[in-house]
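Trainee: When you get a sec, could you give me coordinates for this:
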Amino acid sequence: MRRTNRGLRNGSARLLEERYELADKPSNIQMSGGRKYVQTGVRVRLPGGMTWEKLSLMTPADIRKQNAFPQGFLPLPHVKHETGGMVFPQFEIDEIDTQEHRFLQRFDVDFDLPDHLLPEFPPPIFLQMRPELGDVSQGKVVTTKNFFKLFNGIITPVQMEGLRLLLTPFPQEEFNQTDDRKVAEPQFGVACLDCHTNFHSNGAFHLNPDTRPQDRRFRLDTVSLRGLFNQQIHGSKRSLRSVEDFTEFEQRTAYFNGDHISADKKGSHQPNRTNQVSLMAQMQNMIDFPPAPKLDSTGKLDRGKASRLELAGEKVFQGKGRCAECHGGPGFLDHQMHDLHLERFYTAEVINGQNNEAAGPIKTFTLRGIKDSPPYLHDGRLLTLEDTVEFFNVVLQLKLTTEEKQGLVAYLLVL
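Mentor: Below is the predicted model:
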């Protein structure tokens with residue numbers, strides 16, 4: 001293992017401490033692979049003298065006037081917002097270095113969130129056409145070194161080639177062979193599954209490439225590829241209409257932060273739609289959600305298996321909580337874009353290089369397997385499910401009771 005060149009934090013540690021309680025507080029609920037416990041409790045810090053009950057009863061105008069919107073509910077800046085780019089957690093950096101001798105450590109910046117607030121590593125892999133196999137990862141991070149051994153005889157040759165391409169590193173804005181890079185040594189680049197480890201997420205983030213100017217761009221957390229076959233739009237803000245479109249977009253635009261000139265200089269990979277993109281898409285469409293034994297075939301709780309608290313949470317989810325208005329059906333999403341208009345609650349300002357003006361509409365993400373995918377919201381600003389429930393209770397003016405919020409969290413944990 002080579003020694004890590006620790007980068008500059010640029011005030012991100014202080015910002016996180018001001019916004020959140022970052023302590024390791026695991027629950028007794030395991031993530032789907034059984035390798036990590038879900039973190040528990042509200043982590044967003046409230047302004048002095050404020051309570052969640054009091055805040056939930058205030059109007060958006062009063063919250064804004066009194067500057068009472070919690071800092072942890074504000075957009076979360078990139079750890080180095082002016083520069084941006086992909087940033088990987090240390091456990092992913094170490095694993096790729098061990099297996100492939102390819103170093104993903106930037107010399108200018110470190111990952112900011114603590115490991116215990118991120119998804120389990122490595123995450124399990126479930127195949128939607130082979131549910132009887134369970135986790136096919138065998139507890140390993142799938143890379144170019146082991147993918148054939150792990151998947152031979154399980155997937156088709158077409159899917160195997162798609163998997164190979166998803167694991168193959170290609171030049172990227174910060175990780176390439178030119179002098180304009182953010183790694184010490186020249187390298188081939190990054191692979192799709194460097195962020196989407198085992199087709200899930202490792203918590204890696206970057207800046208989205210489609211909003212200008214730079215200070216208006218928002219941090220984008222890596223989403224899970226589980227259940228991709230069930231989605232009709234892709235990308236948090238761009239409404240791409242197929243997995244193939246998304247795959248092409250990632251390889252050129254996202255990899256190079258929307259700068260096509262830089263992409264040409266650094267050696268962008270533009271995969272062929274027929275012979276490469278379609279194969280990559282087919283493999284991505286193989287990935288299923290983790291098992292949810294308390295749900296029936298329609299996505300409803302099995303009353304013979306669910307607890308009283310979970311059933312109460314489902315009732316809140318379907319009714320007073322308004323969750324099902326966007327997260328409906330067995331896939332728990334509506335294939336739409338929604339604008340929460342958070343600018344109602346705070347006065348825009350520049351924080352750590354990010355001008356947190358109105359973000360506009362963001363797509364609905366699925367809630368299936370949500371306990372495996374912290375942190376939450378598109379930029380990872382909400383660290384726990386409890387934070388997420390408090391956020392929507394305030395933003396949607398739901399006025400949920402303590403018991404209703406507890407039930408909603410219990411319900412989300414079984415999805």
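
Trainee: would you list every one of the strands in the stretch 301-415 of the chain?
Mentor: All strands of the stretch 301-415 of the chain, identified by DSSP state E, counting those that start in this stretch, fall at 337-338, 350-351, 354-355, 362-363.

Trainee: And the average pLDDT for the last one is what?
Mentor: For strand 362-363, the per-residue pLDDT values average out at 90.

Trainee: same deal with stretch 235-245?
Mentor: The pLDDT scores in stretch 235-245 average 80.

Trainee: Give me the distance from that stretch to the chain's centre.
Mentor: Mean-position distance between stretch 235-245 and its chain equals 16 Å (CA atoms, centre = their mean, to the nearest Å).

Trainee: likewise stretch 165-185?
Mentor: The answer for stretch 165-185 is 22 Å, by CA atoms, centre = their mean.

Trainee: And the average pLDDT for that stretch is what?
Mentor: Averaging the model's pLDDT scores along stretch 165-185 yields 95.

Trainee: Over to it now: how far is its first residue from its last?
Mentor: End-to-end distance for stretch 165-185: 23 Å, by CA to CA, to the nearest Å.

Trainee: Next: stretch 214-221.
Mentor: By CA to CA, the extent of stretch 214-221 from end to end equals 17 Å.

Trainee: Can you tell me which of the strands of the stretch 301-415 of the chain is nearest to Val243?
Mentor: Among those, the nearest to Val243 by CB to CB is strand 362-363 (14.3 Å). Quick note: C-beta positions are derived from backbone N, CA and C, even for glycine.

Trainee: following the helix or strand of the chain with the lowest mean pLDDT, which helix or strand comes up?
Mentor: The helix or strand of the chain with the lowest confidence, counting by mean pLDDT, DSSP states H and E, is helix 243-249 at a mean of 85. Downstream of helix 243-249, the first helix or strand assigned by DSSP states H and E is helix 260-266.

Trainee: Dump that following helix to CSV, keeping only the CA atoms.
Mentor: As requested, the backbone C-alpha atoms of helix 260-266 are provided in CSV (Å, rounded to 0.1, in the frame of the first residue of the first chain):
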residue,chain,number,x,y,z
HIS,A,260,-15.7,19.2,-24.4
ILE,A,261,-12.4,21.0,-25.3
SER,A,262,-10.8,19.6,-22.2
ALA,A,263,-12.2,16.2,-23.1
ASP,A,264,-10.5,16.3,-26.5
LYS,A,265,-7.2,17.4,-25.0
LYS,A,266,-7.1,14.7,-22.4
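
Trainee: following it, which helix or strand shows up next?
Mentor: Downstream of helix 260-266 (by DSSP H and E), the next one is helix 278-284.

Trainee: Give me the mean pLDDT for that next one.
Mentor: Per-residue scores along helix 278-284 average to 95.

Trainee: which residues touch that helix?
Mentor: 155, 158-159, 161-163, 165-166, 192, 199, 225, 228, 242-244, 247, 271 (CB atoms under 8 Å, 6 or more residues apart in numbering).

Trainee: Just the buried subset of these, please.
Mentor: Among these, those buried by neighbour count (16 or more other CB atoms under 10 Å) are 155, 159, 161-163, 165-166, 192, 199, 225, 228, 243-244, 247, 271.

Trainee: Looking at these, which is nearest Phe91?
Mentor: Phe199 (17.0 Å).

Trainee: Contacts only, for that closest one.
Mentor: Contacts of Phe199 by CB under 8 Å, 6+ apart are 125, 193, 224-226, 284, 287.

Trainee: if we can go back for a sec, in helices, which of the buried ones among the contacts of helix 278-284 fall?
Mentor: Among the buried ones among the contacts of helix 278-284, the members found in helices (DSSP state H) are 159, 161-163, 165-166, 192, 243-244, 247.

Trainee: Tell me which two of the contacts of Phe199 sit farthest apart.
Mentor: Comparing every pair within these by CB to CB identifies Leu193 and Arg226 as the most remote, at 13.1 Å.

Trainee: With neighbour numbers in mind, choose between those two.
Mentor: Applying other CB atoms under 10 Å to Leu193 and Arg226 shows that Arg226 carries more neighbours, namely 28 against 23.

Trainee: Now do the more buried one against Asp288, distance only.
Mentor: As judged by CB to CB, to the nearest Å, Arg226 and Asp288 stand 7 Å apart.

Trainee: mind listing the strands for the stretch 1-150 of the chain?
Mentor: 26-30, 37-39.

Trainee: For the ones you listed, give me TSV that also has distance to Asp108 and mean neighbour count.
Mentor: Listed next are the strands of the stretch 1-150 of the chain as TSV, based on distance: least, CB to CB, whole Å; neighbours: other CB atoms under 10 Å:
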stretch	distance to Asp108	mean neighbour count
strand 26-30	32	13
strand 37-39	29	20
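
Trainee: Looking at those strands, which is nearest to Phe392?
Mentor: Nearest of these (CB to CB): strand 37-39, 18.3 Å.

Trainee: Just send the contacts of Phe199 back as a markdown table, with distance to Ser236 too.
Mentor: Formatted as a markdown table, the contacts of Phe199 follow (distance: CB to CB, whole Å):
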| residue | distance to Ser236 |
| --- | --- |
| Ile125 | 23 |
| Leu193 | 19 |
| Ser224 | 13 |
| Leu225 | 14 |
| Arg226 | 16 |
| Gln284 | 17 |
| Ile287 | 19 |
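
Trainee: which one among those gets closest to Gly235?
Mentor: Nearest to Gly235 among the contacts of Phe199, with distances taken as CB to CB, is Leu225, at 12.4 Å.

Trainee: Apart from its neighbours in sequence, what residue is nearest the closest one?
Mentor: Spatial nearest neighbour of Leu225, excluding adjacent residues (CB to CB, 6 or more residues apart in numbering): Phe199 at 4.4 Å.

Trainee: Then Gly407?
Mentor: Gly407's closest residue in space is Gly313 (CB to CB, 6+ apart), at 3.5 Å.

Trainee: who touches both of Arg226 and Asp288?
Mentor: Phe126.
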